[in-house]
Every structure is written in C-alpha cells, then in structure tokens.
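K.L.:
got a predicted structure plus its sequence, pasted below:
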Amino acid sequence: MQKLYVYIVEDNPLIAFALKNMLLNIGHNICRIAECYDEAIKDLRVMNVDLVITDIMLKGKENGIDLANYINHHLHIPFIFQSSITSVDIINLANQTRPNAFLLKPVSKSDMIKALTMIAA
C-alpha cells in the first residue's frame, strides 16, 4: 500500500491520538491534527495532503459535513468520515458529500486498513 499523507480533523484529543497512532503503525504519515473546520481549512489550503479523516461533530459553528463540502468544491482531496453519529438524517447528509468511507467510532484497525487500501491503490 502506498504511504499516504493524512490530515486528521478531530476535536477529542484522545480519539485524535488513537487515530494518529493507528495510522502511523499502519505506515502512513500524519500532516497535522486540527480540532475545527476553520483550522482545517486554513491548513488544507496550503498543505499537500493525500487524505482527510474527519469527525462529523467538531468544535465551532461548522462541522465535518461543511468541511467535506468545502473539500469537494475547492480541494478535491479524498476524505473519510469517522463518527459515532447514529442520526439517520445526519448520516444521509454526510453520505451526500460522497466520502471515500464512513467509519464508526471506535474505528477498528481492520476497517481503517480496508478504507485506506481503496484510496492508496
């Protein structure tokens, strides 16, 4: 599998740390971890990123769905949602952004590897 440069957007430090360690152990690079939409947009405009992994619920007014829409319209970077959301309405909104994968928290290593294999192929 090709090594990816991954940008994580997660406002829970423990989950962000776990994702970072999982991705590093799989053999990928972490570009940065952001806690909110604004921070992510600022970074993603100038960074060379292969993949964004974002939670749906983030600190601030905008959420991961807003970030996905921005990515689709301006950056065209593959992205994965990882979330504990169970609301069908929110999941439907998230899926309308055409994520490369939707992983339920807590994300298992095997599910992450499957999702990354499709992107890094």
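P.N.:
Yes, it's here.
K.L.:
grab the most central residue of this structure for me.
P.N.:
I53 (1.2 Å; CA atoms, centre = their mean).
K.L.:
hey, where'd the helices end up in the chain?
P.N.:
Secondary structure of the chain (DSSP state H): helices located at 13-26, 37-44, 64-70, 88-95, 109-120.
K.L.:
how about CSV for these, with distance to H76 and mean pLDDT added?
P.N.:
All C-beta spots, glycine's among them, are computed from the backbone N, C-alpha and C. Shown next, in CSV, are the helices of the chain (distance: least, CB to CB, whole Å; pLDDT from 0 to 100):
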stretch, distance to H76, mean pLDDT
helix 13-26, 21, 98
helix 37-44, 11, 98
helix 64-70, 11, 98
helix 88-95, 18, 97
helix 109-120, 13, 93
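K.L.:
what's the most buried one of these?
P.N.:
Among these, helix 64-70 has the highest mean neighbour count (mean count of other CB atoms under 10 Å), at a mean of 21.
K.L.:
mind listing residues that contact it?
P.N.:
9, 37, 40-41, 52, 54-58, 79, 81, 83, 90, 93-94, 97, 99 (CB atoms under 8 Å, 6 or more residues apart in numbering).
K.L.:
that older thread, residues touching the residue nearest to the centre of the chain, list them.
P.N.:
Contacts of I53 by CB under 8 Å, 6+ apart are V6, Y7, I8, V9, E10, L19, L23, F79, I80, Q82.
K.L.:
using TSV, lay out these together with distance to K114.
P.N.:
Output for those, formatted as TSV (distance: CB to CB, whole Å):
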residue	distance to K114
V6	15
Y7	20
I8	18
V9	21
E10	20
L19	15
L23	14
F79	16
I80	11
Q82	13
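K.L.:
from those residues, which is closest to N29?
P.N.:
Relative to N29, the closest of the contacts of I53 is V6; by CB to CB it sits at 6.7 Å.
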